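# Next comes the sequence, and after it the predicted model I'd like to discuss.
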Amino acid sequence: MSSPSTPRPAALIVRQASPPNLETPFHALDGRITPGESVYVRSHFPAPDLNAESWRLQLGGLVDSPLGLSLDDLRAMPAHTVAATMECAGNGRMYLSPRMPGVQWDLGAVGTAEWTGVLLRDVLERVGIRDGALEVVLEGADCGTLTDPGRTPGDIRYARSVPLAQAQDDVLLAYAMNGQPLTRDHGFPLRAVVPGWYGMAAVKWLTTLHVTDAPYQGFFQTVDYSFWQGRDGLSPQMVPMTAMQVKAQIARPAPHDTVTAGRPCEVVGAAWTGEGDVTRVEFSSDGGTSWADAELLDAPQAGVWRRWRYGWQTPGQPGTVTLMARATDSAGRRQEADHDAGRGGYMINFPLPITVYLRAEDS
Ligand SMILES: Nc1nc2c(c(=O)[nH]1)N[C@H]1C(S)=C(S)[C@@H](COP(=O)(O)O)O[C@H]1N2
Ligand SMILES: [Mo]
């Protein structure tokens, strides 16, 4: 049952029909877990239609005994359920100026789901890792030919790697989301979940795990989903994107909502980070000039966003205001005021300006 104040589940917003790129209506944020039908979809290629009976997960490379596992084999292994907030690295791209190429996501390429499956480390244990192993490459069944930048040599598959230490930590190979078998759009029958990392690492339609002794250099690791990072005193170099940056978003009021002037207005949102916990959320109703502490509503939980609220007293005069939120995490990271140009159209975590209109009390 839903009370009048409970946001109704809303349909996904179509950013691209084919392949499906569908956005959560973030203004409908309600529970800490996003309902399955509202979880955003981000796919680079058409979704493959995999047959659960004939499908196998092939494990090879630097392993003692290469192996093919069926879905039943995986279901027979110890199951783990993990809640994880997953944000697409391109979430919020429509707030960039000048406009950056790619899907023009608003606030909704992010969500939190409960994933059930087997730990990657348990699967790796079955095949045995050989000396010299550095990374595990996760490859999906989906493929296509890309033309920009440069033409790929025919079809390439979607693939990403995770360092061995990460693979042997908390990476999950999930066959269920929110207690239901994965849907085709979310990677049926098996996908990776890399807690704390941007969504690009969570390879869907998994078919191959390949243990390697060299950094993986695939398209989605180097050309796409990489950014310019200054390190070791050298000029910036391209490194693959990994952990999510700390970020708070305002769900309500929604962008371009109208609220009543001179009244209390409940502001709600969610905040997340890839490392540690969000420890503080601040709210601004003057475009980031002054900030006030918001109230965190959820207990800290590794890898899961915390919802927050702020009791805002709206200004007495009609007009336009710019709302912002910014978060700080336990690693001491706080959202920077400006977008880092080295990130291109990705890792967008400057405080997003939300325009809201104030109307006179009796109009
Ligand atoms: N095989 C495959 N896995 C993929 C992708 C893809 O296009 N193909 N997109 C990635 C990106 S960029 C994101 S943000 C997440 C989105 O997962 P979802 O569609 O289940 O929300 O999947 C990742 N895994
Ligand atoms: Mo993504």
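Nice, I can see it. Ligands and ions are numbered 1, 2, ... in the order given.

# What is the burial count for the closest residue to ligand 2 within the stretch 151-300 of the chain?
Evaluated by Cβ to the ion, the stretch 151-300 of the chain has G199 as its residue closest to ligand 2, separated by 4.1 Å. C-beta coordinates here come from the backbone N, C-alpha and C atoms, glycine included. If you count neighbours by other Cβ atoms under 10 Å, G199 ends up with 23.

# Check the one 10 residues further on too.
Neighbouring residues of L209 were enumerated by other Cβ under 10 Å; the total is 25.

# Contact partners for the residue lying closest to it once chain neighbours are set aside?
Distance criterion Cβ to Cβ, 6 or more residues apart in numbering; nearest residue to L209, sequence neighbours excluded, is L59 at 4.8 Å. Contact analysis of L59 by Cβ atoms under 8 Å, 6 or more residues apart in numbering lists P66, L67, G68, L69, V123, L124, R126, V127, T208, L209, H210, V211.

# Phi and psi next, for L59.
Phi and psi for L59, reported as degrees, to the nearest 10, are phi -110, psi 130.

# Let me see the contact set for the residue in the chain that ligand 2 sits nearest to.
The nearest approach of the chain to ligand 2 comes at C88, 3.2 Å away (Cβ to the ion). Residues in contact with C88 (Cβ under 8 Å, 6+ apart) are Y40, R42, W105, A109, V110, Y198, G199, M200.

# Local confidence estimate at it?
According to the prediction, C88 has pLDDT 98.

# Identify the residue nearest it in space, chain neighbours excluded?
A109 (3.7 Å).

# same check, this time on D155
C143 (4.3 Å).

# Helix, strand, or coil at E125?
The three-state assignment at E125 reads helix, by DSSP: H, G, I helix; E, B strand; the rest coil.

# domain ranges for the protein?
Domain segmentation of the chain under automatic domain parsing yields 13-240, 247-359.

# mean confidence score for the last one?
Mean pLDDT, domain 247-359: 97.

# re earlier: so how far is V239 from the residue nearest to L209?
27 Å (Cβ to Cβ, to the nearest Å).

# Kindly state the beta-bridge partners for R307.
Under DSSP bridges, the beta-bridge partners of R307 are A270.

# ok, now which ones touch it?
Contacts of R307 by Cβ under 8 Å, 6+ apart are L29, R32, V268, G269, A270, L296, L297, D298.

# quick one: the third one and W308 touch, right?
The reference is to V268. Yes. Between V268 and W308 a contact is recorded at 7.1 Å, counting by Cβ atoms under 8 Å.

# In terms of packing, which of the two has more residues around it?
W308 (27 against 18).

# who's in contact with the more buried one?
So W308 contacts A248, V268, G269, A270, A271, V281, A294, E295, L296, L297, A325 (Cβ under 8 Å, 6+ apart).

# Of the residues you listed, which belong to strands?
Residues of these located in strands (DSSP state E): A248, V268, G269, A270, A271, V281, E295, L296, A325.

# Now flag whichever of those is closest to D155.
Of all the ones in strands among the contacts of W308, A270 has the smallest distance to D155: 37.4 Å, by Cβ to Cβ.

# Neighbours of the closest one, how many?
Residues near A270, counting by other Cβ under 10 Å: 29.

# wait, what's in contact with S70?
W55, R56.

# Quick check: it vs P353, distance?
Look at S70 and P353: by Cβ to Cβ, they are 50 Å apart.

# which one is F220 nearest to, not counting chain neighbours?
F220 sits nearest to R160 (Cβ to Cβ, 6+ apart), 5.7 Å away.

# coming back round to it: show me which of the contacts of C88 neighbour ligand 1.
Among the contacts of C88, the ones lying near ligand 1 by Cβ under 6 Å from any ligand atom are Y40, R42, G199, M200.

# List just the nearest of those residues to Q166.
Scanning these for proximity to Q166, where the rule is Cβ to Cβ, the winner is M200, at 14.0 Å.

# Leaving out the residues flanking it, which one is nearest to F350?
Once flanking residues are discounted, F350 sits nearest to H339: 4.9 Å by Cβ to Cβ, 6+ apart.

# In contact with that neighbour, which residues?
Applying Cβ under 8 Å, 6+ apart, the residues near H339 are L96, I348, F350.

# what's around P48, how many residues?
A total of 18 residues lie near P48 under the criterion other Cβ under 10 Å.

# Name the SS class of the residue nearest to it when sequence neighbours are not counted, please.
Closest residue to P48 apart from its sequence neighbours, by Cβ to Cβ, 6+ apart: A141 at 4.3 Å. What three-state DSSP gives for A141 is strand.

# these two touch, right, A141 and D155?
No. Contact status for A141 versus D155: not in contact, 11.3 Å apart, counting by Cβ under 8 Å.

# More neighbours: these two, which one.
Remark: of A141 and D155, A141 carries more neighbours, 19 against 11, as counted by other Cβ under 10 Å.

# Could you tell me whether the residue nearest to F350 really is in a helix?
No. Read with three-state DSSP, H339 is coil and lies in no helix.

# measure the residue in the stretch 1-150 of the chain positioned nearest to ligand 1 to P48 for me?
Residue nearest to ligand 1 within the stretch 1-150 of the chain: G140 (2.7 Å; Cβ to the nearest ligand atom). Relative to P48, G140 is positioned 8 Å away (Cβ to Cβ).
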